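S.K.: Could you work out the structure for the sequence below:
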Amino acid sequence: MKGNAFPFTSYQLPFHHSTPVSKITAFTYKIQKKHIELNWTVEANQDSNFFEVEKSKDGKLYTTAALVFCTEKADTDYYSFYESKKSATNYYRIKILHKDNSITYSDAIVTKKAD
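M.R.: Modelled structure (predicted):
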């Protein structure tokens, strides 16, 4: 063989990074008596593994308040979580743990007890 000719030719297939498409499209709360109820809507639910509801008193340091496991429903699904309301103001966010092991967060919401 002359030059750089090889009997076999290979080429690299284009790399497609699989980014999770599941995302929270709505995140709301309701205060009823001494309880707070969080509700969120997820698009592309099938790409989610589970959720962590995270809570903070200052909006900076968050701790896990609950784990919420995903359904097997494809496309859009709805989730809720409620707990006792102990302080006047709390911050909540939802951490999405995707099936590909990546993590994304919702925006935080601030809950205030009506006086």
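S.K.: the strands in the protein, which residues?
M.R.: 23-32, 35-43, 48-56, 63-69, 77-84, 89-98, 103-105, 109-112 (DSSP state E).
S.K.: okay, the angle between the fifth one and strand 48-56?
M.R.: Inter-element angle recorded for strand 77-84 and strand 48-56: 30 degrees (by axes from the mean of the first three to the mean of the last three Cα atoms, to 10 degrees).
S.K.: List the buried residues in strand 77-84.
M.R.: Going by neighbour count (16 or more other Cβ atoms under 10 Å), the buried part of strand 77-84 is Asp77, Tyr79, Phe81, Glu83. The C-beta positions use only the backbone N, C-alpha and C, and glycine is treated the same way.
S.K.: Could you list every helix and strand in contact with it?
M.R.: strand 35-43, strand 63-69 (3 or more Cβ pairs under 8 Å, 6 or more residues apart in numbering; DSSP states H and E).
S.K.: please redo it, this time with the cut-off set to 10 Å
M.R.: In this structure, strand 77-84 makes packing contacts with strand 23-32, strand 35-43, strand 48-56, strand 63-69, strand 89-98, judged by 3 or more Cβ pairs under 10 Å, 6 or more residues apart in numbering; DSSP states H and E.
S.K.: likewise the last one?
M.R.: When contacts are defined as 3+ Cβ pairs under 10 Å, 6+ apart, strand 109-112 sits against strand 23-32, strand 35-43, strand 89-98.
S.K.: Specify the stretch among those that is closest to Glu52.
M.R.: Glu52 lies closest to strand 89-98 among those, at 4.1 Å (Cβ to Cβ).
S.K.: Adding mean pLDDT as columns, could you present the strands of the chain in JSON lines?
M.R.: Below are those laid out as JSON lines (pLDDT from 0 to 100):
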{"stretch": "strand 23-32", "mean pLDDT": "93"}
{"stretch": "strand 35-43", "mean pLDDT": "95"}
{"stretch": "strand 48-56", "mean pLDDT": "96"}
{"stretch": "strand 63-69", "mean pLDDT": "96"}
{"stretch": "strand 77-84", "mean pLDDT": "95"}
{"stretch": "strand 89-98", "mean pLDDT": "95"}
{"stretch": "strand 103-105", "mean pLDDT": "94"}
{"stretch": "strand 109-112", "mean pLDDT": "91"}
